[in-house]
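Enquirer: Sequence first, predicted coordinates after that:
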Amino acid sequence: MELEHLSVENAQKCVLESVVRLDAEPVRLESSLGRVLAEDVRANRDLPPYDVSAMDGFALRSADLSNVPATLEIIEDIKAGDMPTKTLLPGQCARIMTGAPVPQGADAVIRVEDTLELSTSRVQISRAVKPGNDIRLQGEGMRNGDVVLKAGTEITPGVIGILATVKRTQMQVYSRPRVAILSTGNELEGINEPIDPNKIPNSNSYALMAQLQELGIEPVLLGIARDDPEELALYLRRGLEYDVLLVSGGSSVGVHDYVRPTIEALGVKMHFWRVAIRPGHPIAFGSTEKSIVFGLPGNPVSSMVCFEQFVLPALRGMMGHPRLYRRTIQARLAHPLKMRPGRTEFIRVVLTRDNGDYVATPTGTQSSGVLLSMAQADGLLVVPADSTGLTAGEYVPVQLLDGTMFQDELGFRE
Ligand code: AMP
Ligand code: MG
């Protein structure tokens with residue numbers, strides 16, 4: 001089947017070929033969540049620093065338990081932070097707490113639940129244990145000098161724990177792009193302007209702002225440019241000072257859609273203007289030496305869907321993330337859908353659970369102007385371009401609109 005235009009995947013490839021990972025910068029541990037490490041991080045000590053107990057119980061010689069129950073003499077109390085002062089001889093044990101060092105002579109720990117204290121100096125052990133039982137070996141957690149975190153690791157709460165363990169209060173991470181948002185259109189009304197019944201509220205600037213914030217990027221809002229080549233040129237020139245410029249609207253082929261000629265006149269090399277995607281047909285992408293520019297469709301849903309497919313992977317690549325794409329799951333379609341072939345279609349769906357399956361139900365009208373369909377959506381159901389319809393109960397890929405879940409490959413086929 002002939003696609004109407006460039007496929008989504010090929011358009012994504014074109015975008016990804018034009019972006020480079022940004023340089024590294026230092027960041028403090030407290031502000032590093034969500035960033036990507038630009039350096040390998042090594043352990044600076046063995047952890048645990050010596051063999052320690054994994055349980056509250058008694059450190060003992062396992063050979064003393066060949067006949068159980070056995071009674072042992074308690075010669076010492078070792079708490080976490082204490083150092084043992086005595087070596088265990090046959091028939092002896094030490095009371096020990098989780099994390100405390102195992103004394104010389106001991107080769108195992110038995111948990112307190114398997115013991116009966118007869119007096120402060122005598123304990124009865126009810127079962128035998130093997131050598132090494134409930135002992136955490138020196139260096140089991142990390143070994144001095146080993147790389148514990150590789151460059152390219154996303155900093156999650158667990159990674160922050162490791163960084164704190166190796167006492168890194170500052171580390172190198174990939175920079176975040178500086179992003180500007182420009183909305184265009186004579187019909188647009190600014191958020192602080194009084195309501196004019198003939199105008200359309202500018203929602204795209206803010207929805208895009210939030211999509212960026214979800215990726216950890218704080219964008220600059222350039223405002224609204226009128227459909228006038230001179231005014232547009234003024235705004236676009238300002239926007240091209242950023243690493244990434246998102247232009248909303250004016251990318252179609254209407255007589256007042258001046259974005260393309262104006263932006264080309266400013267020296268931007270355009271790579272594509274149309275993609276076989278619904279919603280979002282008029283999606284443009286271009287670049288200069290130091291910036292990339294997306295011309296996003298004005299329709300509010302198209303704008304958000306195109307951000308998801310083209311802008312998001314590019315930004316994640318620039319920030320050094322190894323996983324560029326939204327997590328995609330398989331869901332059962334709740335009811336049949338008639339499709340118009342020719343473009344890959346992204347249908348807004350709500351996800352519920354049934355018998356261990358995800359069930360995808362479209363969020364009412366799928367008109368690209370109805371933003372509520374996006375506001376209610378848990379995910380985007382991806383329908384291949386050649387599909388003429390889907391049947392109820394069919395398993396379909398759904399891209400999760402979850403700000404935290406990503407994967408390293410595109411999760412659908414067109
Ligand atoms: P355009 O891509 O400029 O042809 O715009 C397509 C549709 O999207 C029109 O109905 C516009 O009113 C609407 N639109 C354009 N820009 C915005 C915006 N910033 N916020 C909300 N709707 C918009
Ligand atoms: Mg317009």
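Expert: Arrived safely. Ligands and ions are numbered 1, 2, ... in the order given.
Enquirer: just for the stretch 201-350 of the chain, where's the confidence low?
Expert: Confidence mapping of the stretch 201-350 of the chain against pLDDT under 70 gives the ranges 253.
Enquirer: let's go with 90 and repeat that
Expert: 250-258, 280-282 (pLDDT under 90).
Enquirer: So what's the residue count around Ala233?
Expert: Per other C-beta atoms under 10 Å, the neighbour tally for Ala233 reads 17. Any C-beta I mention is one placed from the backbone N, CA and C, and that applies to glycine too.
Enquirer: what's the helix or strand for it?
Expert: helix 229-239 (DSSP states H and E).
Enquirer: Paired strands for whatever helix or strand comes next after that helix, with orientation please.
Expert: Using DSSP H and E, the helix or strand that follows helix 229-239 towards the C-terminus is strand 244-248. Strand 244-248 pairs in its sheet with strand 179-184 (parallel), strand 292-296 (parallel), by DSSP bridges.
Enquirer: Can you get me the centre-to-centre distance for strand 244-248 and its chain?
Expert: Relative to its parent chain, strand 244-248 has a centroid offset of 22 Å by C-alpha atoms, centre = their mean, to the nearest Å.
Enquirer: if you look at that strand, does any of it touch ligand 2?
Expert: No: Strand 244-248 stays clear of ligand 2 (C-beta under 5 Å from the ion), getting no nearer than 8.6 Å.
Enquirer: Buried residues, that strand. List them.
Expert: 244-248 (16 or more other C-beta atoms under 10 Å).
Enquirer: what's Asp408 in contact with, if anything?
Expert: Counting by C-beta atoms under 8 Å, 6 or more residues apart in numbering, Asp408 makes contact with 322-325.
Enquirer: Selecting buried members of these in PyMOL, what would you type?
Expert: Restricted to buried positions by 16+ other C-beta under 10 Å, the PyMOL selection for the contacts of Asp408 reads:
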select buried, resi 324+325
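Enquirer: Mark which of the contacts of Asp408 are part of strands, please.
Expert: Counted as lying in strands by DSSP state E, out of these, are Tyr325.
Enquirer: So which bits of the stretch 51-200 of the chain are right by ligand 2?
Expert: Counting by C-beta under 5 Å from the ion, the stretch 51-200 of the chain sits next to ligand 2 at Gly185.
Enquirer: contacting residues around the residue in the stretch 51-200 of the chain that ligand 2 sits nearest to?
Expert: Per C-beta to the ion, Gly185 is where the stretch 51-200 of the chain lies closest to ligand 2, at 3.8 Å. By C-beta under 8 Å, 6+ apart, the contact set of Gly185 is 200, 224, 226-227, 249-250, 298.
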